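>>> I'd like to go over a predicted model; first the sequence, then the structure.
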Amino acid sequence: MVASGETREAALRGFVADLDEEALARAYHDDGGLVIFPRLLPADLVAEMVVEARALVPEATRKTMPFLRRAGAVPHPRIVSSAPALHALHQSPALLGLFARVTGVPLEHRAPDEAHASALYVYSRRGDWMDWHQDECGCAPGDSFSTIVGVIDSSSSRLEFEVGRGEPGREPVRRGLQTAPGTFAFFCGTRAFHRVTPLGPGEERVTFGFTYIRQGRRPGGVYNFRMKLGNTLVYFGFRHLFSRRGRAGATLPGT
């Protein structure tokens, strides 16, 4: 039986209630704006997400940007229209409240017409990868916050984080994560560097990513221009510029 929105949110409230928020907040601040959750997301929700991702993977737009990324992506409007479980995760009030408490920053969702408000990231061919980057997402430093959720992973590829890079008096620390279904990471996009190591032969990896912003902060100026350029060249191609929902987006949250 397909779950309702209320059932999904109830499961996420239970997930949040079982977490040690003080420990998560300490980890977030001690680890340079990164927290990898110690528990998997609710199993029933993850099972729905896998089914939805499987249906959308054939629609992924593949892009190759030399020295940066080769993979596919499915934009936010398709998530909204065709993936209710993924969309419920993205829109969850329980998660939004959790992240605001962990960071100490008042957060809100990105504008619903942004192509990169949420997306599936599809690694399906040998050598698909993404190089080290930060998630600016069209916002000024410190105003964008990213999530990466494992959905499908039969690969040797790893999501790697490096925190503390460039911070005075701090040695960078690297952490690796296999994005098995239900794994969940949250981080400040302009603090934690991250990458995806190359996919091996016959392997597959699909993640779901979405972003929040500091309340009252919206993309503008040079950040807005870079955001649109990144969406066009790295993720969704030129066609997203000509759809009403694709006129805004985000830069480099694709892991």
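Structure received.
>>> Spatially, which residue comes closest to Leu95, not counting chain neighbours?
For Leu95, ignoring the flanking residues on the chain, the nearest one in space by Cβ to Cβ, 6 or more residues apart in numbering is Leu12 at 6.1 Å. The C-beta positions use only the backbone N, C-alpha and C, and glycine is treated the same way.
>>> what kind of secondary structure is that neighbour in?
Here Leu12 is recorded as helix under DSSP: H, G, I helix; E, B strand; the rest coil.
>>> Touching, it and Pro42? I think so.
Yes. The pair Leu12 / Pro42 is scored as a contact, 7.0 Å apart, by Cβ atoms under 8 Å.
>>> Next secondary structure after the helix or strand containing His87?
Per DSSP states H and E: His87 is located in helix 84-91. Sequence order places helix 93-103 as the next helix or strand after helix 84-91, per DSSP H and E.
>>> Would you indicate which residues of that next one are buried?
The neighbour-count check on helix 93-103 (16 or more other Cβ atoms under 10 Å) flags 94-95, 98-100, 102-103 as buried.
>>> what's the angle from it to helix 84-91?
Interaxial angle of helix 93-103 relative to helix 84-91 (axes from the mean of the first three to the mean of the last three Cα atoms, to 10 degrees): 30 degrees.
>>> list the contacts for the residue nearest to Leu95?
By Cβ atoms under 8 Å, 6 or more residues apart in numbering, the contact list for Leu12 reads 41-42, 45, 88-89, 92, 94-95.
>>> Spell out the residue ranges of the helices in the stretch 101-250 of the chain.
Secondary structure of the stretch 101-250 of the chain by DSSP state H, counting those that start in this stretch: the helices cover 221-230.
>>> Poorly predicted segments of it, please.
Scanning the stretch 101-250 of the chain for pLDDT under 70 picks out 136-138, 217-250.
>>> Hmm, Gln91 is touching His109, no?
Yes. Using Cβ under 8 Å, Gln91 is in contact with His109, at 7.0 Å.
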